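A.B. asks: Predicted model follows, preceded by the sequence.
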Amino acid sequence: MALPHVTTLDLYNNGIDYEVIILKTNKVNGDVFFIRTDYLDDVDRRRAVMILQKRDAARYEAWDLFSQVNLANGVNALEYFHQYVKVKTRSGEIMPPNLYRAGSVQRPRLNPQSMTQQAVSEAQAAEAAPVRKAGRPPKANKS
């Protein structure tokens, strides 16, 4: 029986696939939030299957499905299963989910040999441009 959001991933880039529940995929940087099914005991596996067998399960991300369900013990399913969630970054690093770190977005590298001198200087100027911080813009000098 194939369930939506259940797939196999080569987590450690060693050619061994593990069955996982894909909760969410970050489309910006490629991070994959997942739960390894072999870490779940029978009770938790039945709970996850019950959630993933819902009629609209294929329509929504598993993250949303889990957040909409309260388990029999009164706890929200996403909060309960959060203890099993891991993140795999595009580079292959596996870590617990964290607000303060994520996989980086790969920027294309400059190849000066294939660019004109003007394009190289424009690209270098764009990279060296200061990044504006969040907040109110600086006041204009009135002098």
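C.D. replies: That came through fine. Numbers count the residues shown, from 1 in each chain.

A.B. asks: where does the residue nearest to the spatial centre of the chain fall, phi/psi-wise?
C.D. replies: Nearest to the geometric centre of the chain sits D31, at 3.2 Å (Cα atoms, centre = their mean). The phi/psi pair for D31 (degrees, to the nearest 10) reads phi -60, psi 140.

A.B. asks: Let me know whether it touches V87 as I believe.
C.D. replies: Yes: between D31 and V87 there is a contact under Cβ atoms under 8 Å: 5.3 Å. C-betas here are computed from N, CA, C, even on glycine.

A.B. asks: And the helices in this structure?
C.D. replies: Remark: helices assigned in the chain by DSSP state H are 42-52, 62-67, 77-81, 117-128.

A.B. asks: looking at the ones you listed, which has the lowest confidence?
C.D. replies: Among the helices of the chain, helix 117-128 carries the lowest mean pLDDT, at a mean of 66.

A.B. asks: Rank the helices and strands of the chain by mean pLDDT and give me the bottom one.
C.D. replies: Least confident helix or strand of the chain, by mean pLDDT, DSSP states H and E, is helix 117-128 with a mean of 66.
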